[in-house]
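K.L.:
3D, please:
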Amino acid sequence: MYGRPEQADHGASLRRTVERLRAEHRLARPAEPAGPPPLVPEADLDPALARPPDLDLHHLLDALPQAAVLAEPVLDESGAVRDLAAVIVNDAAVRDPHHPGQVHRDTPEGRGVSLREAYPGLWTAAFADTVGEVLRTGYAARAVPARWQHPVPDGSTRTRRERVTVHRLGRRLLLVWPDARTEEIARAAQRIARVGWAEWSLPDDRLDISPGLAVLLGLAPETDAVPVGLVLRRVTETARPALYRDLDRLLSTGEDIDVLTELYGVGRPRRVRLVAEALREEGGPVEGLRAVLQDVTELSDSRRRLREQEEETERQARRADAEHHVVQRLQDALQPHSGLLSGLGVSTAVAYRPAEGGVGGDWFKVRQLPDGRALLAVGDARGHGLDAVALMSMLRHALAGLAFTGALVESLGGWLNRVAWDEGDEATATAVVSRYYPDRRLLRWICAGHPPPVLLREGEAAPMEPATGPPLGVLPDAAYRAVETRVRPGDTVLLYTDGLIERRDQDIDVRLTALCGAVRTHAADRAGDSDLQGLVDAVVREMSGPLSEDDATLLACRFER
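P.N.:
Predicted coordinates:
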């Protein structure tokens, strides 16, 4: 029964407490005063009520669904009630195996059966006081604590504890026990709520259990009593020390306990909540305990999952806050500086819209190079979150450095592809990289798996000639072909990421046509207006849905001369 040394110590302490209380109970238990013989002679009954009234009380009480006994008070020389003589017992009590009803049913007319003899242990000082008060005042006493010994099939006796209602009928008393349907409902409640009760009588060393607890212990539902040791052995070894301490405290101090413990179950231990109170007569020693146990395994698992979910939500919230901070910093970093390319006759405007799920891998670069030319690029690193931001930042800064070499855009694309390839399989991106030669009004650009730029010229908007190439990081030695576009004063080239045009429910060509239409419409609305930023913002608003599936960037470059 005991495992580790500390468990044995706690178990020994509990056993010592139990033995002490049993000894105290034997010393403190008063001898029950001698009662009358089982059959109370008619002479001892009240002469005026010795014979039953004309009303057939047998049939009246048989109509009650609860066990009921009609009894006559038996008085001593001083007029105090010394016993009750049962004169009528209804069918419900006769059928109840816990009541000695058959003896009562066969009682000869005019004589009564002593309740003290029929229900051993029922007659206590507290019960006698309650009976006397009901007789004196006529007010019913409800839920009166009562207990008695009744035989069980194995030949032993079992203590029955209930709460009885006592009514006065003239000079007689009607004792009514709980409704049998109440027990049926209680059984159903135990089954539904996975709960059961137990009552441990220290003097009898007997543990009475309910059907619900029997099922919880893996026993047959009809099991009504088990050895205490059997139940304690069902407690897991890790949970025994704490449970022994709590039981010892309850029996030593009489304080209620409300604890969680574990029982061995099918497949895995079951978490059980145990609430218990001490059983004792007023002023007497603790005689045992009454406990209610509930299987809270599923509830405990649900709470654990809820805690884990809350912790994960908190982690995600912190991550979202960090990403939001990155988005804000990214947006600030992405905004082109005023007049950055003004010396080359190029004005720029950009709009960045993050997705609902957080920041993605969109990036762009606008820079005047030492050779008097300009770098214009837009890209989209694969994925979302901080990993995408890290790849985006690496590609963006790598391109800025490589562009200072003066190499052609074809070479820039190849080098950038190699940088992404070396980062691993997940490090892929798309991009449009262009170099502008202001002295020749020439825009040379490559497309690495990216949507083509849109050219706005004289109020018309259309995709520029595609120059398709593989995305960055897919093939180690990818080569890119450059496209040359001659621009005119007043032309606007729009570079963008796929989040602006891609929708799961629409074809990409349809969305590209919609983008050109939006550019054309808003450009016409702003004819003669030099506010390039207003055009960019209007186009992004029109192309963005209420819930953005991906982040989007739109960079507009207007060639003034």
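K.L.:
Flag the shaky bits of the stretch 251-400 of the chain, pLDDT-wise.
P.N.:
266, 323-324, 326-328, 330-340, 356-359, 385 (pLDDT under 70).
K.L.:
Helices along that one, start to end?
P.N.:
297-334, 386-403 (DSSP state H, counting those that start in this stretch).
K.L.:
Now do the contacts for Val144.
P.N.:
Contacts of Val144 were listed using Cβ atoms under 8 Å, 6 or more residues apart in numbering, and they are Phe127, Thr130, Arg163, Val164, Thr165, Val166. The C-beta positions use only the backbone N, C-alpha and C, and glycine is treated the same way.
K.L.:
Let's verify it: helix, strand, or coil?
P.N.:
strand (DSSP: H, G, I helix; E, B strand; the rest coil).
K.L.:
Give me the spatial nearest neighbour of Gly413, chain neighbours excluded.
P.N.:
Of all residues not flanking Gly413 in the chain, Tyr480 sits nearest, at 3.8 Å (Cβ to Cβ, 6 or more residues apart in numbering).
K.L.:
Look at that neighbour and report its pLDDT.
P.N.:
pLDDT, Tyr480: 94.
K.L.:
just checking, it touches Ile446?
P.N.:
Yes - between Tyr480 and Ile446 there is a contact under Cβ atoms under 8 Å: 4.2 Å.
K.L.:
Counting neighbours, go ahead and name the busier of the two.
P.N.:
Ile446 (27 against 24; other Cβ atoms under 10 Å).
K.L.:
Kindly state the beta-bridge partners for that one.
P.N.:
Beta bridges link Ile446 to Val433, judged by DSSP bridges.
K.L.:
I figured it hits Glu484, correct?
P.N.:
No - using Cβ under 8 Å as the test, Ile446 is too far from Glu484 to be in contact (10.9 Å).
K.L.:
The residue nearest to Arg367 when sequence neighbours are not counted bridge partners, please.
P.N.:
In space, and not counting its chain neighbours, Arg367 is closest to Leu375: 4.6 Å by Cβ to Cβ, 6+ apart. Judged by DSSP bridges, the bridge partners of Leu375 are Arg367, Arg435.
K.L.:
go on, Leu175?
P.N.:
Here Leu175 sits in beta bridges with Val69, Val166, going by DSSP bridges.
K.L.:
pLDDT score assigned to it?
P.N.:
91.
K.L.:
Report the contact partners of it.
P.N.:
By Cβ under 8 Å, 6+ apart, the neighbours of Leu175 are Ala68, Val69, Leu70, Ala71, Leu84, Val164, Thr165, Val166.
K.L.:
Of those, which is the most crowded?
P.N.:
Highest neighbour count within the contacts of Leu175, by other Cβ under 10 Å: Leu84, with 29 neighbours.
K.L.:
Assign a three-state SS to it, would you?
P.N.:
Quick answer, by three-state DSSP: Leu84 is strand.
K.L.:
Could you pull up the residues touching it?
P.N.:
When contacts are counted by Cβ under 8 Å, 6+ apart, Leu84 is found next to Ala71, Glu72, Pro73, Val74, Ser114, Leu115, Arg116, Val131, Leu173, Leu175.
K.L.:
Counting neighbours, what do you get for the fifth one?
P.N.:
By other Cβ under 10 Å, 21 other residues sit near Ser114.
K.L.:
Next one: it from Arg280, what distance?
P.N.:
Ser114 sits 27 Å away from Arg280, going by Cβ to Cβ, to the nearest Å.
K.L.:
and the host helix or strand of Gln149, which residues are buried?
P.N.:
Under the criterion of DSSP states H and E, Gln149 resides in strand 141-151. Residues of strand 141-151 classed as buried by neighbour count (16 or more other Cβ atoms under 10 Å): Ala141, Val144, Ala146, Arg147, Trp148, His150.
K.L.:
among the helices of the stretch 251-400 of the chain, which is nearest Ala461?
P.N.:
helix 297-334 (23.4 Å; Cβ to Cβ).
K.L.:
shared neighbours of Tyr480 and Ile446, anything?
P.N.:
Taking Cβ under 8 Å, 6+ apart as the contact rule, Tyr480 and Ile446 both touch Val409, Glu410, Gly413, Ala467, Gly469.
K.L.:
returning to what we had before: and which of the contacts of Val144 is nearest Leu289?
P.N.:
For those, the minimum distance to Leu289 (Cβ to Cβ) is 18.0 Å, reached by Arg163.
K.L.:
Point out where the stretch 101-250 of the chain drops to low pLDDT.
P.N.:
For the stretch 101-250 of the chain, the ranges with pLDDT under 70 are 101-111, 179-190, 193.
K.L.:
For it, which segments are assigned as strands?
P.N.:
Counting by DSSP state E, counting those that start in this stretch, the stretch 101-250 of the chain has these strands, from start to end: 112-114, 141-151, 157-169, 172-179, 195-201, 206-209, 225-226.
K.L.:
Redo these as a markdown table? Include distance to Asp301.
P.N.:
Output for those, formatted as a markdown table (distance: least, Cβ to Cβ, whole Å):
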| stretch | distance to Asp301 |
| --- | --- |
| strand 112-114 | 54 |
| strand 141-151 | 37 |
| strand 157-169 | 35 |
| strand 172-179 | 36 |
| strand 195-201 | 17 |
| strand 206-209 | 25 |
| strand 225-226 | 27 |
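K.L.:
now for the ones you listed, which one comes closest to Leu391?
P.N.:
Where the strands of the stretch 101-250 of the chain are weighed against each other on Cβ to Cβ, the nearest is strand 195-201, at 56.8 Å.
K.L.:
any idea of the angle the closest one forms with strand 141-151?
P.N.:
70 degrees (axes from the mean of the first three to the mean of the last three Cα atoms, to 10 degrees).
K.L.:
what inclination does strand 195-201 have with respect to strand 157-169?
P.N.:
Relative orientation of strand 195-201 versus strand 157-169 (the same axes, to 10 degrees): 100 degrees.
K.L.:
What is the burial count for Arg444?
P.N.:
18.
K.L.:
part of a helix, is it?
P.N.:
No - going by three-state DSSP, the assignment for Arg444 is strand, not a helix.
K.L.:
my guess is it meets Val432, correct?
P.N.:
No - the pair Arg444 / Val432 is not scored as a contact, 11.6 Å apart, by Cβ under 8 Å.
K.L.:
Report the contact partners of Thr497.
P.N.:
Asp362, Val378, Gly379, Asp380, Thr430, His450, Pro451, Asp550, Asp551, Ala552, Thr553.
K.L.:
Next: Gly288.
P.N.:
Glu199, Trp200, Ser201, Leu202, Pro203, Ala278, Leu279.
K.L.:
can you name the two of the residues you listed that are farthest apart?
P.N.:
Largest pairwise distance in the contacts of Gly288, by Cβ to Cβ, is 13.9 Å, between Pro203 and Ala278.
K.L.:
Could you check which of those two has the larger neighbour count?
P.N.:
Ala278 (19 against 13).
K.L.:
Run through who's touching stretch 453-462.
P.N.:
With Cβ under 8 Å, 6+ apart, stretch 453-462 has contacts from 432, 434, 445, 463-464, 485, 488, 490-496, 515-517, 519-520, 523-524, 527.
K.L.:
I'd like to know which of the contacts of Thr497 is nearest to Ala398.
P.N.:
Nearest to Ala398 among those, with distances taken as Cβ to Cβ, is Gly379, at 10.8 Å.
K.L.:
and that closest one, how many residues sit next to it?
P.N.:
28.
K.L.:
Check the gap between the closest residue to it other than its chain neighbours and Leu495 for me.
P.N.:
Take Gly379 and drop its neighbours on the chain: the residue closest to it by Cβ to Cβ, 6+ apart is Ala431, 3.5 Å away. To Leu495, Ala431 is 10 Å away according to Cβ to Cβ.
K.L.:
The two: which has the busier surroundings?
P.N.:
In terms of neighbours (other Cβ under 10 Å), Ala431 is the more surrounded of Ala431 and Leu495; the figures are 31 against 27.
K.L.:
residue contacts, that one?
P.N.:
Taking Cβ under 8 Å, 6+ apart, we find Ala431 in contact with Ala377, Val378, Gly379, Asp380, Leu395, Gly413, Leu416, Cys447, Ala448, Gly449, His450, Leu472.
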